[in-house]
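*Asks:* A predicted structure for the sequence below; I have some questions about it.
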Amino acid sequence: MTHSRPLLAFLILAVGALAAFPIIGDEFYQELVIRLMIMGIFAMSLDLLIGFTGLISFGHAAFFGLSGYLLAIVTPESEAVSIWFALPVCLLGAALAALVIGWFSVRTTGIYFIMITLAFAQMFYYYFNENQDLGGSDGIFIFYKPSVAIGGFQILDLNNPHTFYYFVLVSLVVSYLILSIILKAPFGQVIRGIHANEARTRALGFNTQHYKLVSFVIAGTMAGFAGFLEANAGGIMSPAHLGWHESGTVMMVVILGGMGTLYGPVLGAFAMGFLQDYFQELWSDHWLLLLGVFVIAVVLFLPNGIAGLFSKFTNKKEDGK
Amino acid sequence: MDFATFLIQILNGVQYGFTLFLVASGLTLIFGIMGIINLAHGAFYMIGAYLSFWLFGMSNSLWVAILVGLPIMVIFGYAIERLAISFLYKRDHLYQVLLTYGLILILNEMQKILWGSDFYSVPVPEFLSASIPMGNQEYPVYRLFVSLVCMIVAAGMYVVIGKTKLGMMIRAGATNREMAQALGINISRVFAIVFSLGAALAGFSGMIDAPLSSVYPGMGDFILIISFVVIVIGGIGSVKGAFVGAMLVGLADTFGKVLVPEFSSMVIYALMALVLLWRPQGLFGRPS
Amino acid sequence: MTKAILSTRDLSKSFGGLVAVDSVTIDFMESRVHAIIGPNGAGKTTLINLLSGELLPTSGKITFGDNDLTRQPVHAISQLGIGRSYQKTNIFPEFTCLKNCWLGAQSRMSTSMRFFRPAKAYSEVRLRAERAIDLCGLNDRIDTVASAMSYGEQRQLEIGMMLATEPNLLLLDEPLAGMGTDESQQVVELIKRLAEEHSVVLIEHDMDAVFAVADALTVMVNGKVLATGTPEEIRNSQEVQDAYLGTGEDVA
């Protein structure tokens, strides 16, 4: 994707604002922003599927939650685990799950794909929900954030809120850059082609199944990375993290922000975060009802999301395609 | 497993299968004919169950509850179709998923506002409350009754879809929408009818199921996802597929709980994966 | 004497009870333009779909040089050097002209599973795409979004996308469909130019165009081959006259 100039300026400003936030914001909001940035990574990874490959995955939370659970499993009760061990385990676990689920799913299209991804994700949900060794429906705690050390020398202390904040911010920026690079590369051209017209892409000589599967695995792995961060940030993983409401929420975040833009889903994460906060203040018992009405309103009136508004105002259509 | 236990599991599995069929058949028809993926379909099942609880509380009779509840479900389905679903016919599946997801959030919260978060139960009608002895165990008559009623409903659907004018319009709409319209079939009316009847079927399933399972928040979400598995196995748009899929899932789930209790929740998904390996379009689906 | 580049043997395809292609045996010769004509519903497009792998035959065999194509998937057939264009315009409407051809050009790299270097930096892909655009005559539209182009230009792009894959054999499904006289003339000229370096299988209803470019003709009726021969032979065949040329609006 080629960035128009106002967009690039906006992105740099936004990252600058996020970097400056801990200096001015209080600790409560700092925690909130951490969670929203993690949601941003999670939503970007789904955007690769929905917005760029055209795969409507309704089970994306499976990889997010699975990875978080893996961190909980490899973290001992009384000490920290090394990040050099924990992170690869989490990412490989998510990637492997995405490979297996993707292998079944990409052979189908349309409604089938939606239902199959949802069904497999629910399978994980029920597994963790019923597994009492992993805390069942209550979930499982992660008492220590992983240690980041080389040869006994500590590089980062993730338990320091400031350090962790910047760790997540850098993760967000790096995730964005990785996806941007992939989308510019030959692989990105093919998946955009699949999104626009899969039959024709196949007729031009591409085994589209392979490309869809690889896209699914990349997205699943990145969702796993977000899940790893989430487990760190929250200190607890529960089945709800891989339930279908989580998948529905992240899909909503992608649409609200504007699919097919990468930065849109990050905007969406922040918009959704503040909106949920607002709804909860408005009607704490039944705020989900307000959210439901809002979701329907977005589908009917703002299908291209916030990024769609943005490009309408700057009147610069993305020429990345 | 002795013979009586085996027989009871078979009966349970078939009865669960019938319940699933009533929900899944509506879903699959709505997919097949209208091209709509309706996540809120499970909520109809939940609403049916709450209606039967609520109306039972007022009338003290399950029959009155069902008789009054069914028309409410039809009207409710019709209203949802007109007010929300009809905006989605030309939209991408993605927006259908999101809008109907929004509907679920609304309907689930409405349920909580009206009836709270408690678990309720509806008693089995007096004259069906007996049990039949089987070996050293007993089997409740009401379960047999539910299976019987579902069988009659399934047969009724078969007749309506296969033999009546409405059925002909439904089949025409499923095969070729443009052609059906060219032949003078009012497709948007067919859609409204199919959707309302689908909602009523799911609601009915929830009503007669209420005395068997308890009535609780989120019961619609659970049945929705199992119904997806049923449809994926049976093939989208095929009522026959929904029937076979529902029976397979009902039996697999029931026997899974007995034979491999620690993996019982995974059994039906493994079944789904197996079917997909063999036939990605489902047992009775048309290859894409 | 040229040899056959593509051959079908008793190729059949039925949909339920309907036999759309009925034991078709044809040899398409190398470096020739071989046209398939016949009334609507004769099974011409079904035949092309079988050749390009978009449909699986019910029975029979397809060979391309030494390769058995019969059960090959679409993308593998493309990779073997068979390109096709569609009767109903089948492009990427929201991509620019260049991007439309880019994908075809990129598919000739050993793999597109490349994740780091920008696609733009692959100059050989760009050259291939630009050559295809040049060939189909869309040089001045290279950065135009396809959906903003005229119908005739989209038809040209349709051919350009196929050319970007640098095929040896072209399967052209009614390249003139829906075109005006001038545009048709341009495309006929393009086909003539392409015929110099490619083997071509052409389905077309426009008989003037067919007789202007074809070296060989096959007439299909009701899924069967009625006759195969040179344009001269077909023109003079009583059988063809009776069955087809004399009856309808498609008179030569």
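*Replies:* In hand now; what should we look at? The structure displayed is predicted, hence computed values, not measured ones.
*Asks:* does residue A:54 touch residue A:198 like I think?
*Replies:* Yes: if you go by C-beta atoms under 8 Å, residue A:54 and residue A:198 touch, sitting 7.3 Å apart. C-betas here are computed from N, CA, C, even on glycine.
*Asks:* so those two - more neighbours on which side?
*Replies:* The residue with more neighbours, out of residue A:54 and residue A:198, is residue A:54; 22 against 18, by other C-beta atoms under 10 Å in any protein chain shown.
*Asks:* need the contact list for the closest residue to the more buried one other than its chain neighbours.
*Replies:* Nearest in space to residue A:54, with sequence neighbours left out and distances taken as C-beta to C-beta, 6 or more residues apart in numbering or on different chains, is residue A:195 at 3.6 Å. Neighbour list for residue A:195: A:51-54 [criterion: C-beta atoms under 8 Å, 6 or more residues apart in numbering or on different chains].
*Asks:* for residue A:195, give its distance to chain B.
*Replies:* Residue A:195 is 11 Å from chain B, where distance means C-beta to the nearest C-beta, to the nearest Å.
*Asks:* distance between the helix or strand where that residue lies and the chain's centre?
*Replies:* According to DSSP states H and E, residue A:195 maps onto helix A:186-203. Once both centres are worked out by C-alpha atoms, centre = their mean, to the nearest Å, helix A:186-203 turns out to sit 23 Å from its chain's centre.
*Asks:* tell me if the helix or strand just after that helix is near chain B.
*Replies:* Later in the chain than helix A:186-203, the nearest helix or strand by DSSP H and E is helix A:208-234. No: if you take C-beta under 8 Å from any C-beta of the partner chain as the test, helix A:208-234 misses chain B, and the best it gets is 11.0 Å.
*Asks:* the next helix or strand after helix A:208-234 pairs with which strands, and in what direction?
*Replies:* Using DSSP H and E, the helix or strand that follows helix A:208-234 in sequence is strand A:236-237. The pairing partners recorded for strand A:236-237 under DSSP bridges are strand A:140-141 (antiparallel).
*Asks:* report the next helix or strand after the partner strand in sequence order.
*Replies:* strand A:148-150.
*Asks:* which residues are in contact with that next one?
*Replies:* The set of residues external to strand A:148-150 that reach it, using C-beta under 8 Å, 6+ apart, is A:82-83, A:154-158.
*Asks:* list the buried residues of stretch A:266-286.
*Replies:* By neighbour count with 16 or more other C-beta atoms under 10 Å in any protein chain shown, stretch A:266-286 contains the buried residues A:266-273, A:275-276, A:279, A:286.
*Asks:* ok, stretch B:270-284 next?
*Replies:* For stretch B:270-284, by 16+ other C-beta under 10 Å, it's B:271-273, B:275-276, B:280-284.
*Asks:* then stretch B:215-229?
*Replies:* Those would be B:215-217, B:219-229, for stretch B:215-229 by 16+ other C-beta under 10 Å.
*Asks:* and chain A, is it touching that?
*Replies:* Yes: if you take C-beta under 8 Å from any C-beta as the test, stretch B:215-229 does meet chain A, through B:221, B:225, B:228-229.
*Asks:* look up phi and psi at whatever residue of chain A ends up closest to chain C.
*Replies:* Closest contact between chain A and chain C, by C-beta to the nearest C-beta, is at residue A:205 (3.5 Å). The phi and psi values for residue A:205, taken as degrees, to the nearest 10, are phi 110, psi 10.
*Asks:* test my guess that it contacts residue C:75.
*Replies:* Yes: counting by C-beta under 8 Å, residue A:205 does reach residue C:75; the two are 5.2 Å apart.
*Asks:* between those two, who's got more neighbours?
*Replies:* Shown here are residue A:205 and residue C:75; by other C-beta under 10 Å, residue A:205 has more neighbours (24 against 20).
*Asks:* pLDDT value on that one, please?
*Replies:* On pLDDT, residue A:205 comes in at 95.
*Asks:* any idea how far residue C:95 is from it?
*Replies:* Residue A:205 sits 17 Å away from residue C:95 when distances are taken as C-beta to C-beta, to the nearest Å.
*Asks:* ditto for residue C:174
*Replies:* From residue C:174 across to residue C:95, the span is 23 Å (C-beta to C-beta).
*Asks:* try residue C:22
*Replies:* Taking C-beta to C-beta as the measure, residue C:22 falls 39 Å from residue C:95.
*Asks:* got any ranges where the stretch 1-150 of chain C has weak pLDDT?
*Replies:* Residues of the stretch 1-150 of chain C that meet the criterion pLDDT under 70 lie in C:1.
*Asks:* around chain A, which positions in it sit nearby?
*Replies:* C:52, C:54, C:73-76, C:78-79, C:84, C:90-96, C:99, C:102-104, C:106-109, C:112-120, C:122, C:125.
*Asks:* so which of these are in strands?
*Replies:* residue C:84 (DSSP state E).
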